[in-house]
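Novice: One predicted model, sequence on top.
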Amino acid sequence: DAGVIQSPRHEVTEMGQEVTLRCKPISGHNSLFWYRQTMMRGLELLIYFNNNVPIDDSGMPEDRFSAKMPNASFSTLKIQPSEPRDSAVYFCASSLALAGADTQYFGPGTRLTVL
Amino acid sequence: GEDVEQSLFLSVREGDSSVINCTYTDSSSTYLYWYKQEPGAGLQLLTYIFSNMDMKQDQRLTVLLNKKDKHLSLRIADTQTGDSAIYFCAEIPNTGFQKLVFGTGTRLLVSP
């Protein structure tokens, strides 16, 4: 299995530009999670989906952030317009079930730098 | 409330044992996890423990859970330089959803 795939691995953009991060979960997994990691705030859950439906988006910072999961094998996290404080590593993770000890498998992350 | 705390840094010599500690506040958490993050990589699950267990051992890793004190620890025996990484404990509060709450992470540095 290829694991969780994220693209791009690195993104450098200028303030005000739109940024789209992509994630392909592990085949067969029904839950998908987007996290953001910074030195100041640590690891934060932004949003998670179950069966392609957003369950909890309370971690999404503000309206500039949006996430979609049009099908079971693809999700996007979009930032529009981007700001320097959005610079972070964004992780996608997937798991098989919604409750219990089912492991979340993390992708390698996308390192975003907004100038 | 949901709050998982860890010490930020631990330094040990190769061959020694490492003990990484974690405290959590949600006593209803059913599962507690240890994840490892190597530089430039995502988080990798090391092990987890169910809340009705006191101890779990997996090769060089030993997890101890003190539910009364809400204290979780990870012991790494015979620590190697390849164990240098950030270690996160995490809990799933008993909300019915698999929403992991992570600690701040402990950076383990293993010197030769």
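Specialist: Received, thanks.

Novice: Could you measure from the residue nearest to the spatial centre of chain A over to A:L43?
Specialist: Closest to where the C-alpha atoms of chain A average out (Cα atoms, centre = their mean) is A:W34, at 3.0 Å. Computed as Cβ to Cβ, to the nearest Å, the A:W34 to A:L43 distance reads 11 Å. No exception for glycine: its C-beta is placed from N, CA and C like everyone else's.

Novice: so what sits against both of the two?
Specialist: Both A:W34 and A:L43 are contacted by A:F91, under the criterion Cβ atoms under 8 Å, 6 or more residues apart in numbering or on different chains.

Novice: just to revisit the earlier point, what about the closest residue to the residue nearest to the centre of chain A other than its chain neighbours, which helix or strand?
Specialist: Leaving aside its sequence neighbours, A:W34 sits nearest to A:L46 (Cβ to Cβ, 6 or more residues apart in numbering or on different chains; 4.4 Å). Using DSSP states H and E, the element containing A:L46 is strand A:42-50.

Novice: So which elements touch the helix or strand that that strand is followed by?
Specialist: The helix or strand immediately downstream of strand A:42-50 is strand A:53-56, counting by DSSP H and E. Other helices and strands packing on strand A:53-56, by 3 or more Cβ pairs under 8 Å, 6 or more residues apart in numbering or on different chains; DSSP states H and E, are strand A:42-50, strand A:65-71.

Novice: How about strand A:53-56, which residues are buried there?
Specialist: Across strand A:53-56, burial judged by 16 or more other Cβ atoms under 10 Å in any protein chain shown covers A:I55, A:D56.

Novice: Provide a list of residues in contact with whichever residue of chain B sits closest to chain A.
Specialist: Nearest to chain A in chain B, going by Cβ to the nearest Cβ, is B:G42, at a distance of 3.5 Å. Neighbour list for B:G42: A:V4, A:F91, A:A93, A:F106, A:G107, A:P108, A:G109 [criterion: Cβ under 8 Å, 6+ apart].

Novice: The last one and B:L109, how far apart?
Specialist: Yep, that's A:G109 we're talking about. In terms of Cβ to Cβ, A:G109 sits 22 Å off from B:L109.

Novice: quick one, which of the two is more surrounded?
Specialist: Between A:G109 and B:L109, counting by other Cβ atoms under 10 Å in any protein chain shown, A:G109 is the more crowded of the two (24 against 13).
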